[in-house]
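>>> make a model of this:
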Amino acid sequence: MAEHYARAIWELVLRGMTPKKAVQAVHERLIARGRAALMPHIAKALERLAARVSQKETIVLSIARKQDEHKTLAQAKSALAGLSASRDEIEVRIDETLIGGWRLEGGEHLVDASYKMQLLDMYTAATAR
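Just a heads-up that it's a prediction; the model follows:
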């Protein structure tokens with residue numbers, strides 16, 4: 001139930017209401033219905049919703065080493081064009097779990113050009129027969 005109220009607050013803000021007024025409006029409704037104890041649960045649900053939305057909107061380029069950044073950006077250029085993203089919108093992260101290569105995640109898309117994925121593809125091809 002808290003998720004429904006959190007989504008209602010989110011929708012109110014998207015429609016132009018200030019966050020403070022949206023929370024106050026929902027809080028007043030909860031008080032009128034005797035459900036004010038839900039507010040802490042709604043706050044946590046709203047945090048989770050904001051984190052999910054932020055994660056979907058963030059474009060992350062994961063690389064194995066910092067010195068590979070320039071080369072990786074050149075390799076990922078076509079994938080970036082598919083996401084309609086410019087260089088300024090990309091967050092580059094060093095992922096120590098990658099042996100080499102890169103992973104581009106964002107906008108509900110994943111382009112995996114890591115060495116691990118290439119090794120898994122070779123293994124699958126070799127054992128499929």
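
>>> quick one: Leu98 and Leu80, what's the gap?
Between Leu98 and Leu80 the computed distance is 18 Å (CB to CB, to the nearest Å). (Each C-beta comes from the backbone N, C-alpha and C, glycine too.)

>>> how distant is stretch 118-129 from the center of its chain?
From the chain centre to the centre of stretch 118-129 is a distance of 30 Å (CA atoms, centre = their mean, to the nearest Å).

>>> biggest helix in the chain, by residue count?
The longest helix of the chain (DSSP state H) is helix 39-57.

>>> quick check: mean pLDDT across stretch 41-52?
For stretch 41-52, the mean pLDDT works out to 89.

>>> identify each buried residue in that stretch, please.
Residues 42, 45-46 are the ones in stretch 41-52 that count as buried (16 or more other CB atoms under 10 Å).

>>> same check, this time on stretch 89-96
Under the neighbour-count criterion of 16+ other CB under 10 Å, stretch 89-96 has 90, 92 buried.

>>> got the contact list for it?
For stretch 89-96, the external contacting residues (CB atoms under 8 Å, 6 or more residues apart in numbering) are 58-66, 69, 80, 103.

>>> again, only this time at 10 Å
With contact meaning CB atoms under 10 Å, 6 or more residues apart in numbering, stretch 89-96 is reached by 57-66, 68-69, 72-73, 76, 80, 83, 102-106, 114.

>>> low-scoring stretches of this structure, by residue?
Residues of the chain meeting the criterion pLDDT under 70: 55-56, 84-87, 129.

>>> so where do the helices sit in it?
Secondary structure of the chain (DSSP H): helices at 2-14, 19-32, 39-57, 69-75, 77-82, 115-127.

>>> from these, which stretch is densest packed?
Of these, the one with the most neighbours on average (mean count of other CB atoms under 10 Å) is helix 2-14, at a mean of 16.
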